[in-house]
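Q: 3D, please:
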Amino acid sequence: MEGNAEKLVIIGSGPAGLTAAIYGCRADLQPLVFTGTKYGGQLMVTSEVENFPGFPDPVLGPDLIGKMRAQAERLGARLVQEDVVEVDFKKYPFEIRTGTGVTRALSVVVATGANPRRLNLESEMRLMGKGVSNCAVCDGFFFRGKKVAVVGGGDTAMEEATFLTKFASTVQVIHRRDELRASAALKKEADENPKISFIWNSAVTEVIGSGKVQGVKVRNLKTGAENELTVDGLFVAIGYEPNTDVFRGQLELDPKGYIVVKNHTESSVPGVFVAGDVHDFRYRQAITAAADGCKALLDAERFVKQKLETAISIR
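A: Below is the predicted model of the structure:
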């Protein structure tokens, strides 16, 4: 059955994928990791990380990924910087196709993550990590006593805005409509918070600043009038897109496109395990993604062991 199949293929190279690779090496599964051409996940556009255990001083997101990558490679993981373009999980061993060929695998860990939706502004990306953020839990601490704005009107935006009031002096919520889409409970909590105010029927057209955020330009979508707000930070909270297009028709996805997981890390296909933000739309932290990578690998190790023992007994 094994033939020329890899024992373990990992798809993704953020904290979940690299942690799975580290544990995969220690389990003697000789993991092959398809990192994607844009490897490292969201930490690659994160400036200072202060909440990852083991780093008493802040560490830059790309540096943290670099250390994880170096650790995985030192242990023997084979990292290939290619994108997976197609999978076939309906046959076994599984088949994973990249631009250069097809790889067969006895087990797979999917750790392709999710990307935050953007405003698609040049200034937004230029100042990402310099006052522009997609994660209040990650970065709220840096805005103690400062003014911030939040873009969005759903549950995530209200959760972000309310969390930021622990640190910021004021939180202005900028929303394209004249009412929130968030749940009644979150609406009520935001409405009753004296630090939160709302700018309705409006959109951010530019983030102002050179080395750091100094303000935003906001256009009223009904009148066309544009004005500038002085803020120290901008939190874009308009949702996430899980990177699951390649798995459609192969794995069970929920209505938002996240991979459905049962028994902690199992996908709808036995032998395919899931880790990180590609299924976790609640926590979205580097440390929880890393923990997922560990759990997925331990489950994959048990699966491969059973498969190999079965094959030996049949022979």
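
Q: use CA for all of it now, contacts and neighbours both
A: OK.

Q: and residue 163, that's in a helix?
A: Yes: according to DSSP: H, G, I helix; E, B strand; the rest coil, residue 163 belongs to a helix.

Q: Any idea how many residues pack against it?
A: 15 (other Cα atoms under 10 Å).

Q: Enumerate every residue touching it.
A: 136, 137, 140 (Cα atoms under 8 Å, 6 or more residues apart in numbering).

Q: what are the phi and psi angles of the last one?
A: When quoted as degrees, to the nearest 10, the phi and psi of residue 140 stand at phi -60, psi -40.

Q: That one and residue 169 touch, don't they?
A: No: Residue 140 is not in contact with residue 169 according to Cα atoms under 8 Å; the separation is 11.6 Å.

Q: Look at those two and report which has more neighbours.
A: Shown here are residue 140 and residue 169; by other Cα under 10 Å, residue 140 has more neighbours (21 against 15).

Q: Residue 269 versus that one, what's the distance?
A: Using Cα to Cα, to the nearest Å, one gets 38 Å for the distance from residue 140 to residue 269.

Q: what's in contact with the helix or strand bottoming out on mean pLDDT in the chain?
A: Using mean pLDDT, DSSP states H and E, the weakest-scoring helix or strand in the chain turns out to be strand 48-49, at a mean of 86. With Cα under 8 Å, 6+ apart as the test, strand 48-49 has contacts from 58, 59, 60, 61, 129, 138.

Q: ok, the fifth one - how many residues close by?
A: Applying other Cα under 10 Å, we find 22 other residues in the vicinity of residue 129.

Q: mind checking how far the nearest residue to it once chain neighbours are set aside is from residue 63?
A: Nearest residue to residue 129, sequence neighbours excluded (Cα to Cα, 6 or more residues apart in numbering): residue 47, at 4.9 Å. Residue 47 sits at a distance of 9 Å from residue 63 (criterion: Cα to Cα).

Q: Pick out whichever of these two has more residues nearby.
A: Shown here are residue 47 and residue 63; by other Cα under 10 Å, residue 47 has more neighbours (19 against 16).
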